[in-house]
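Q: next input, structure requested:
(2 chains)
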Amino acid sequence: MKSLSTLLVGCLAVPLAGAQIPGTPQLRSGDIPELVITKSGHFDGKSLYGYMDGGAELYREYGFVDLTVQEMQVKEQQLLVELFRMRDPLAAFGIFSVSRGDCRGEDTTARYWCHTSGQVLCAAGCYLVKVQRLTSGSGGSGLAGVVARRLLQRLPDSGSVLLPWISGPTHAQDWQRKAILVFGPLGLQNGFPDWVDPLEEGAYHSITIVPWDIEGKPVTIGWIHCDSAPAASSLEGHIAQDTRPAWQYIRRCEGNSFLVIEAELPAEQLARFAGTLLNH
Amino acid sequence: MSRFFEPGELTRRDFVKIAALGGVAAAFAPLTARPGVSQDVPAKPGTNGKDALRYPRTPRSLPGAFPGRVVQLMNDRAIVNDAFDINALHDMLAKGMLALTGATGVPDAWRMLVQPNEMIGIKVNPVAGKLLSTSPELVHVIIRQLEAAGIQKKNIVIWDRRAFEMAEVGFTSEAFPGIRLSGTEVKDEKGSFYDPEGRQYGEKMIDKDWKYWADVEEKYDAETLPYMINEGRESYFSRICTKDVDCIINVPILKNAGPTVTLCLKNLAFGAITNTGRLHKQLWAETCAEVPAFPPLRDKVVLNIVDGIRGCYQGGPAADEKYICNFNTLLVGTDPVAVDRVGYDIILKKRFEEKIQKEESAKGRRFIDLAEGMKLGVGDLARIALERIPIT
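A: Just a heads-up that it's a prediction; the model follows:
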């Protein structure tokens, strides 16, 4: 993500270097020893275009409310902190789930936490927190985590959503952590591009995708939620035209939702697995 | 063969019961598309893209001097200690120019594409910020080679939509003395997009004689409007490409956008017109293919150099550090469709390797197919002459 040096004016931001933005959770100089806020900005509504241009569409698809950006320095390390407020905790989890990629570690500070060598990403309540290093070198990775934890303490609600439809099965806790929540085509493109084609034209409310494995064989579970029964029927018909060999499909007849499984499993093994899912 | 199964009107309780009784096979039946199921695929909004084909072509029209030809340079030492090695970049580009043109000297190669009396625009891409921008180092190398070919600095413009984003990543007058830096969306020294009369500076930078019309519009709020310059169904071309420059050297970055890529065509299309916010969602591929088919781009782009020294394979078009990697690659060609096709494969391969994606999406190459239909170049890999030059 870009730095702030030239983006602030013209947005809703208070475009002053290091200025505090009223009414928004944020860090302050001195919150961490030697931390200095060098730049701050605030973007809401469509002004996100001014910050990230085409990249804004993904956040808007998830229900973006506003973004507070702070650039900060701790000794030689420069960090960029982005705090996205989304419309609700599901939306915050959703944007987290399609942005996290392969994590090198988790943290108990937030239920949904992911860090790599250059970045910490976490979802808590309605917020997505992204702390990114702007300078290379040793030490910055741990610092990003410290900054993220400090900011999480400032958030009004640090609770995190649980996806109710996967809370029952044995592996629910792991599934919650691996789940990818999609509300539209851009989320799908970023979070699970292999399903873009069969679902591209479909009208759905949300899709929860869990990559998993059974006895070493990859399995992808998809709970597809539509706005109405006719919409679900229409989407089922559309999916049925896809010809990928590993897709297996089980219709869930109750409500507006149905289940898709992608796996190369014998029919009986698949049925047992599907039965487990449908029984919850 | 499709392996869809459907339990028909089975309830989940019934399903579990049958499964428990071992009647699994009976519980499934092949699922086929059911008659009567609506496949309400919304029609694409119309555009004036086909109008572009009515303008007579010139000897310079895309795909340019070398249709279907792409040179790929690879050098693992292009980045040393996290810094771009200017000499390595110079060597890569020089070899690329010679291989592309068949010239015996690098200045001759450049003069096959640009002339000393022309105003040359170098179109960069700084939109994702300093983590993922066209590298100023590569642009320095391009300018150095242009100067060696007899082009004066005063005849070179580095440009993009937003002058202030260029400065952020290092395209400043201090770093490029004597070179003009230009953007369509402009702010004054106080940071305002508006002159004292309340008129956007950006309005003076657009040419209303050239427009891309599309039957889709979006209302922008006051903060967004200066980044789009205008609302409505028209996207106007920047004066930079219609009036200020005679030819364009296009220097995008090697990066993905979901399961597709944003390379030469995207950099030209979305970088040269206003009011792009409305186009991303419904007409992304069409815009990438159709806007460069209008003469201000089609007849001026003489060379594409994809900066793949550092790029990304996921998270694009924004910069996500996790997915930024050193491809150590340059792609060089006059044909933007062929270059994009080769770049697309590089990124797709990386996405497969990194398990981002298992299969190619039909959506991925759509803009390439459309661009070939607009006669901008060759999108079929079998008809592209790709020369790979590893540099050790």
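
Q: quick one: name the residues of the stretch 251-392 of chain B near chain A.
A: With Cβ under 8 Å from any Cβ of the partner chain as the criterion, the stretch 251-392 of chain B meets chain A at residues B:257-259, B:262, B:270, B:276-277, B:280-281, B:314-315, B:317-323, B:351, B:356-359, B:361-363. C-beta coordinates here come from the backbone N, C-alpha and C atoms, glycine included.

Q: in helices, which of those fall?
A: Among these, the ones falling in helices (DSSP state H) are B:270, B:280, B:281, B:351.

Q: what's the neighbour count on the last one?
A: When neighbours are defined as other Cβ atoms under 10 Å in any protein chain shown, residue B:351 has 20 of them.

Q: residues in contact with it?
A: Each residue near residue B:351 by Cβ atoms under 8 Å, 6 or more residues apart in numbering or on different chains is listed here: A:193, B:256, B:259, B:313, B:314, B:357.

Q: quick one: least confident of those residues?
A: Within the set of the contacts of residue B:351, pLDDT is lowest for residue A:193 (87).

Q: what about that residue, neighbour count?
A: By other Cβ under 10 Å, 23 other residues sit near residue A:193.

Q: follow-up on the earlier one: what about burial for the residues of the stretch 251-392 of chain B next to chain A, which qualify?
A: Using 16 or more other Cβ atoms under 10 Å in any protein chain shown as the burial test, these include B:257-259, B:262, B:270, B:276-277, B:280-281, B:314-315, B:317-323, B:351, B:356-357, B:359, B:361, B:363 as buried.

Q: check which helix or strand covers the residue of chain B found nearest chain A.
A: Proximity of chain B to chain A (Cβ to the nearest Cβ) peaks at residue B:129, 2.4 Å away. Secondary structure assignment for residue B:129, by DSSP states H and E: no helix or strand.

Q: so it is in contact with residue B:319, correct?
A: Yes - Residue B:129 is within contact range of residue B:319, at 5.6 Å (criterion: Cβ atoms under 8 Å).

Q: what secondary structure does residue A:92 sit in?
A: Classification of residue A:92 using DSSP: H, G, I helix; E, B strand; the rest coil returns helix.

Q: show the pLDDT at the nearest residue to it once chain neighbours are set aside.
A: In space, and not counting its chain neighbours, residue A:92 is closest to residue A:86: 4.3 Å by Cβ to Cβ, 6 or more residues apart in numbering or on different chains. We have a pLDDT of 93 for residue A:86.

Q: show me what residue A:86 bridges to in the sheet.
A: Applying DSSP bridges to residue A:86 yields these beta-bridge partners: residue A:64.

Q: what about it, neighbour count?
A: If you count neighbours by other Cβ under 10 Å, residue A:86 ends up with 23.

Q: likewise for residue B:171?
A: Residues near residue B:171, counting by other Cβ under 10 Å: 24.

Q: could you measure from it over to residue B:70?
A: Separation of residue B:171 from residue B:70 (Cβ to Cβ, to the nearest Å): 26 Å.

Q: equivalent analysis for residue A:92, please.
A: To residue B:70, residue A:92 is 43 Å away according to Cβ to Cβ.

Q: for stretch A:196-209, buried residues please.
A: In stretch A:196-209, counting by 16+ other Cβ under 10 Å, buried: A:196, A:197, A:198, A:199, A:202, A:203, A:204, A:206, A:207, A:208, A:209.

Q: what's the lowest-pLDDT member of those residues?
A: Among the buried residues of stretch A:196-209, residue A:202 carries the lowest pLDDT, at 74.

Q: next up, the contacts around that one.
A: If you count contacts by Cβ under 8 Å, 6+ apart, residue A:202 has them with A:234, A:235, A:238, A:239.

Q: mind redoing it with 10 Å?
A: Each residue near residue A:202 by Cβ atoms under 10 Å, 6 or more residues apart in numbering or on different chains is listed here: A:185, A:188, A:224, A:226, A:231-232, A:234-239, B:39-41.

Q: what's the ChimeraX line that selects buried ones from those?
A: Buried members of the contacts of residue A:202, identified by 16+ other Cβ under 10 Å, are gathered into one ChimeraX selection as follows:
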select /A:185,188,224,226,231,232,234,235,236,237,238,239
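
Q: least confident of the contacts of residue A:202?
A: Minimum pLDDT across the contacts of residue A:202 is recorded for residue B:39, with 41.

Q: mind listing the strands for the stretch 1-150 of chain A?
A: When secondary structure is read from DSSP state E, counting those that start in this stretch, the stretch 1-150 of chain A shows strands at A:35-44, A:64-74, A:77-86, A:112-115, A:119-124, A:127-133.

Q: single out the most deeply packed of these.
A: When neighbours are counted by mean count of other Cβ atoms under 10 Å in any protein chain shown, the highest per-stretch mean among the strands of the stretch 1-150 of chain A falls to strand A:119-124, a mean of 27.

Q: what's the residue nearest the centre of chain A in contact with, if anything?
A: The centroid of chain A falls nearest to residue A:96 when counting by Cα atoms, centre = their mean (1.7 Å). Contacts for residue A:96 were tallied using Cβ under 10 Å, 6+ apart; they are A:62, A:84, A:86, A:110, A:112-114, A:121-124, A:127-130, A:160, A:180-181.

Q: which residues in the stretch 1-150 of chain B form helices?
A: B:12-20, B:24-27, B:86-101, B:106-111, B:136-148 (DSSP state H, counting those that start in this stretch).

Q: what's the closest non-adjacent residue to residue A:161?
A: Spatial nearest neighbour of residue A:161, chain neighbours left out: residue A:89 (3.9 Å); criterion: Cβ to Cβ, 6+ apart.

Q: and residue 56, what pLDDT?
A: Picking chain A for this. 82.

Q: wait, chain B was what I had in mind.
A: We have a pLDDT of 97 for residue B:56.

Q: select the helix or strand of chain B having the lowest average pLDDT value.
A: strand B:29-30 (a mean of 29; mean pLDDT, DSSP states H and E).
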